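[1] curious how this folds, go ahead:
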Amino acid sequence: MKRYLMTFLAATVALYCVGAVFPSPSSDNSHDIASLHAWGPYSKRYAGISHIPDMRKGIRFDFSVMPGYYRNRQLVPHVLFESSYYPWEINPEMTRITYRYELEWKDRVYTDVTYHILDDNRTLVGIHCVNNTSMPQNLVLNQMAYIDYPETQPQVVATGASRLQWYNAIDYVENEPVRQSPQYRLVYDGWQRNEERSASSLDGSILGRGFGRNEGDRLAYLVNILPGHERGAIGLRFKVKEGETAVLHLKGLTEQPVELRGTGEFSFLSVPYHCKKAGEYKLEFISASTVGISLDGFFVGDSDEVSHVNVTPAPVPFTPMMEVGEDRKDFILKYKDCENFYGVAWNYQHSEVREILNGELESFFRRRVHDHVSSRLVGDRKWHYANTFLRPVVLEPNSEQTIYMLVCSGDKELVKQELSGFHSAPDKLIAQIQPAKDAKFKDGVLPAGEKYLLGNRLLQASLLSNIVYPVYTQKEYIRHFTPGKNWNSLYTWDSGFIALGLVDVDPAKAFECIKAYTTPVGSESAFIHHGTPLPIQMYAYFDLWNNSLSHESLEFLYPRLKQYFDFMVGTDPYSTTRMEGSGLLRTWDYFYNSGGWDDYPPQHELHRTKSQTPFVTPVVTSAYYLRAAKILRLAAKELGLKKDMKEYEQVIKQLSYALQTYAWDEESGYYGYVVHDSLGNAKDIFRYKDHSNFNKGLDGVTPLAAGICSSAQADKLVKHLFSPDELWTKVGISTVDQSASYYKVDGYWNGAVWFPHQWMMWKALLDLGKGEEAYRVAHTALDNWEKECAESYFTFEHFIISSGRGAGWHQFSGLSSPILNWFAAYYKPGKVSTGFEVWITKSEFTGNCSGYKAEISFDDSTRPHERCMIVCMNAGCQYTVRFNGKPVKFRSGHAGMLEITLPATNKTGDLVVQALD
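    Reported below is the predicted structural model:
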């Protein structure tokens, strides 16, 4: 995996003046973000730096700095609630990670902790303490080192099984239930069919979730019988509800029924087998009853050895062997489940080494703040923290001080060597780092964009710090971006926006983030699904292409995304998304939320009443997958896949007809949810109790993004968007029309402004040639975002319309990532931004961004019409713009930003931007 991250495409053409760094795709099917380092901000407990000793194990070593006032207020920077720390600055390479800790708001007394990742073994920690008050301050610095395990770390172990072969139950080659649910080809979170995670299993996973409740449920395994073991036993570990008995019929390696008597706990059953010769055999388990079975797996081998297998408790070994240095300015830790050692050293004279024995620190450690004498703080003994206690750190008025620490990993001799080197010549390590400076964010930014630097920097820091390990999917532990540390899972649509944000931060990570949600063609799951199943990965794919022109990446991701698309539009025979009669799409079988908007009025009403839900289609699913069809058609055209192009054209035609025929509501000027009969035939628009269209809101305007509206329809929808009595507010586009009877001021989405669907409307407005309106959408968001960030240092989920203030998760990045795209679109020289209908095939800036040439083609599934694109140039020049040699309209909202209106054509052409002499 690392190989491809070090290989750069010779064919890639830079869109940013500084040059694009983009990896070649890999055949590796891992879902990990492999361009990350072994060290990173992966903790799910306390903010700091983490090290992954072995990706396969799911174990993480954490190190956290916790500042405070000496024997007074102690900060414990928990990542799962607001705790006075802020992701402050993280560079795209994620080698310099800074958190700010506010001891006295606002920036009067604070500590900036920067983790400088030097290499796979070492991280240098700079702790910069600042006193901006007229009084001396007594600070304390506590550093915590500890280990963490997966939530379902096995807490049992099999003894006496060293010479037996173990087969986990989820490692089947076939899993065929009698009743195939809608999830048959789309298992949630990318797990295996029937998979459950359990600490009572030998490997962390068991096969349950109803297996065996239908007679005929079948599993198949390939079993390798070793020479000398032609006669032996299968040792089956299982669990059945107490008082029940399940029957399994074993076929292949052996032919016999077995009874599994339930105790409510895991049990063990030995089943003999006899085969003629060594080799590979198929072993099938077929349910011969209607009793649910949980299978942990089975051993294969010598009968006597199988009968002597014993499963015993194995508590998590979280307490390390700890060796403190003679001068008590360093220590070495060795954890049982890690082959490597960890070392910590510091360069502050007044210090103590302590141990804290308690499950959590957020309350226990703060309660014990006055116990500054004990070397062991003992609580419930449910976890171990190795604590370095630096105290007091005295800061004179209006002064600052920086203290350094080294955290390192390796074999014991290497760790000792690194600790010794830090003590003897700390300046050599310090010289290897560059202090973080806000000025770095001004590099490559147009002058007019400097006022947005703080908000952009804080969001980039949140985006890059919102990554956790371990996340489990597809039988592996991975590092994964999340919308916020609160969500330790693979949120499909949120992560599409994370990938879009990463396009303007680090294209390599953007590619990996898209790849993480795709699976190889023919996989058991069509893609990795969690939450709202909208095709944002396909939109990110489009922008990644226009920003990298990486043909290899286009080709690598295409078949995977097509598999994703085919399932979601009902082409896959196991999908239930398409209504049989109308052809409209709904995804209620896969998630309750159609557009990510939890309390969107018609959706909320459907789930409240429940009975109608299967027969009602929202607009957003059909509209967004229609746009996805157009995107994939452009990709297929680029790749020369004519047969695929025709398939997409058929979907485009069908969905366009269905939306226009059944969903358009002329009376309200919105598209509506469509009610169907039991055969899937469209009947009527879903209406509120006052008979108004229940879909007066963002769902009702989503066909703008699909590019299917007539001029009259588009005018009505755009009017809704910008009417202050309807969707437009002082903080942007409301989720729900303010004039609607069902509008609320206190909802989660209803009564709030969010960015993701606004980003869709921004793209749609560019496609409609409405550049000024697109500018208004983007800059309303940028202005309010900057104002909120300057006030609170938080990167919120959404804005409450009634107050204009941010709300929701305080260090959010997922659905707020469009801020990064809008900032880049209007303020980063060398950036080109388009709607969904402009496909760039060649692109080149001059070295100082004073000239630009591109070959552009268009989505010809729509009629020829004017479209806008944004090109950011050198701010010090005036420009001319020509398309196919003829001048075209453009305007400049500020120096260096060109909003170009392309002519009404679908013919490929050359765009040339030249500086005037």
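[2] go through the protein and flag its longest helix.
    Scanning the chain for the longest helix, with DSSP state H as the assignment, gives helix 771-792.
[3] list the buried residues for whatever helix or strand comes next after it?
    Downstream of helix 771-792, the first helix or strand assigned by DSSP states H and E is strand 798-800. The neighbour-count check on strand 798-800 (16 or more other CB atoms under 10 Å) flags 798, 799, 800 as buried. (Each C-beta comes from the backbone N, C-alpha and C, glycine too.)
[4] can you show me the strands along the stretch 501-650 of the chain?
    For the stretch 501-650 of the chain, the strands defined by DSSP state E, counting those that start in this stretch cover 616-617.
[5] how about a markdown table for the buried residues of strand 798-800, with distance to residue 726 and pLDDT added?
    What follows is those, written out as a markdown table (distance: CB to CB, whole Å; pLDDT from 0 to 100):
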| residue | distance to residue 726 | pLDDT |
| --- | --- | --- |
| 798 | 19 | 98 |
| 799 | 17 | 98 |
| 800 | 18 | 98 |
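[6] redo these as a markdown table? Include distance to residue 307.
    Listed next are those as a markdown table, based on distance: CB to CB, whole Å:
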| residue | distance to residue 307 |
| --- | --- |
| 798 | 60 |
| 799 | 66 |
| 800 | 65 |
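[7] out of those, flag the one nearest to residue 297.
    The shortest approach to residue 297 among the buried residues of strand 798-800 belongs to residue 798, at 45.0 Å (CB to CB).
[8] show me what contacts that closest one?
    Applying CB atoms under 8 Å, 6 or more residues apart in numbering, one finds that residue 798 lies in contact with 749, 752, 753, 754, 755, 806, 807, 808, 815.
[9] could you give the bridge partners of it?
    residue 807 (DSSP bridges).
[10] how much space separates the residue sitting furthest away from the middle of the chain from residue 225?
    Ranked by distance from the centre of the chain (CA atoms, centre = their mean), the top residue is residue 276, with 50.7 Å. Distance, residue 276 to residue 225, using CB to CB, to the nearest Å: 10 Å.
[11] now residue 898
    70 Å.
[12] please say which of these two ends up with more neighbours.
    residue 225 (21 against 18; other CB atoms under 10 Å).
[13] what sits against the closest residue to the more buried one other than its chain neighbours?
    In this structure, residue 225 finds its nearest non-sequential neighbour in residue 278, 5.1 Å apart by CB to CB, 6 or more residues apart in numbering. For residue 278, the contact set (CB under 8 Å, 6+ apart) comprises 225, 226, 227, 228, 229, 230.
[14] so what's the closest residue to residue 575 other than its chain neighbours up against?
    Closest residue in space to residue 575, ignoring its immediate chain neighbours: residue 567 at 4.9 Å, by CB to CB, 6+ apart. By CB under 8 Å, 6+ apart, the residues touching residue 567 are 185, 186, 526, 527, 574, 575, 577.
[15] out of the residues you listed, who's nearest residue 101?
    The nearest member of those to residue 101, counting by CB to CB, is residue 527 at 39.5 Å.
[16] quick check: that closest one touching residue 564?
    Yes - here residue 527 reaches residue 564: they are 4.0 Å apart, a contact under CB atoms under 8 Å.
[17] between these two, point out the one with more neighbours.
    Neighbours were counted for residue 527 and for residue 564 using other CB under 10 Å; residue 564 has more, 28 against 23.
[18] now that one: how far from residue 525?
    Distance of residue 564 to residue 525, given as CB to CB: 10 Å.
[19] then residue 672?
    For residue 672, the distance to residue 525 equals 32 Å [CB to CB].
[20] which of these two has more neighbours?
    Taking other CB under 10 Å, residue 672 and residue 525 do not tie; residue 672 has more neighbours (26 against 23).
[21] beta partners of the closest residue to that one other than its chain neighbours?
    Of all residues not flanking residue 672 in the chain, residue 685 sits nearest, at 3.8 Å (CB to CB, 6+ apart). Here residue 685 sits in beta bridges with residue 674, as judged by DSSP bridges.
[22] surely residue 685 is in contact with residue 666?
    No - using CB under 8 Å, residue 685 makes no contact with residue 666, being 10.2 Å away.
[23] those two: who's more crowded?
    residue 685 (22 against 9).
[24] buried ones among the contacts of residue 278?
    225, 229.
[25] now distance to residue 66 and secondary structure too, for the contacts of residue 278, in a markdown table please.
    As requested, the contacts of residue 278 are exported to a markdown table (distance: CB to CB, whole Å; DSSP: H, G, I helix; E, B strand; the rest coil):
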| residue | distance to residue 66 | secondary structure |
| --- | --- | --- |
| 225 | 56 | strand |
| 226 | 53 | coil |
| 227 | 58 | coil |
| 228 | 58 | coil |
| 229 | 55 | coil |
| 230 | 61 | coil |
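[26] out of the contacts of residue 278, which comes closest to residue 447?
    residue 226 (72.0 Å).
[27] shaky segments in this protein?
    Within the chain, the stretches with pLDDT under 70 are 1-27, 434-443.
[28] mind redoing it with 90?
    1-29, 327, 349, 372, 426-428, 432-444, 488-489, 610-613, 917 (pLDDT under 90).
[29] how is it partitioned into domains?
    Per the record, the chain has its domains at 32-151+317-436, 156-313, 442-473+726-827, 569-717, 832-915, by automatic domain parsing.
[30] where along the stretch 301-450 of the chain do the strands fall?
    Under DSSP E, counting those that start in this stretch, the stretch 301-450 of the chain gives strands at 310-313, 321-324, 330-334, 341-346, 351-357, 376-378, 384-395, 399-410.
[31] one more: the stretch 701-850 of the chain?
    For the stretch 701-850 of the chain, the strands defined by DSSP E, counting those that start in this stretch cover 728-729, 732-733, 752-753, 798-800, 806-807, 832-834, 838-845.
[32] what helices and strands are in contact with the fifth one?
    Strand 806-807 sits against strand 798-800, with contacts defined as 3 or more CB pairs under 8 Å, 6 or more residues apart in numbering; DSSP states H and E.
[33] returning to that earlier point: which non-adjacent residue is nearest the residue farthest from the centre of the chain?
    Nearest non-adjacent residue to residue 276, counting by CB to CB, 6+ apart: residue 230, 6.8 Å away.
[34] sorry, back to before: wait, which of the contacts of residue 567 is closest to residue 118?
    Using CB to CB, the shortest approach to residue 118 within those belongs to residue 527, at 37.4 Å.
[35] now the contacts of residue 567 in CSV, please, with extra columns for distance to residue 323.
    Listed next are the contacts of residue 567 as CSV, based on distance: CB to CB, whole Å:
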residue, distance to residue 323
185, 53
186, 50
526, 51
527, 48
574, 57
575, 58
577, 59
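[36] with adjacent residues omitted, what lies nearest to residue 686?
    residue 673 (3.6 Å).
[37] the one you found contacts residue 683, doesn't it?
    No - judged on CB under 8 Å, residue 673 makes no contact with residue 683 at a distance of 11.5 Å.
[38] more neighbours: those two, which one.
    Taking other CB under 10 Å, residue 673 and residue 683 do not tie; residue 673 has more neighbours (29 against 14).
[39] contact partners for the more buried one?
    602, 606, 616, 617, 618, 619, 663, 685, 686, 694, 695, 699.
[40] ok so, going back, quick one: closest of the strands of the stretch 301-450 of the chain to residue 893.
    Closest of the strands of the stretch 301-450 of the chain to residue 893 is strand 399-410, at 39.7 Å (criterion: CB to CB).
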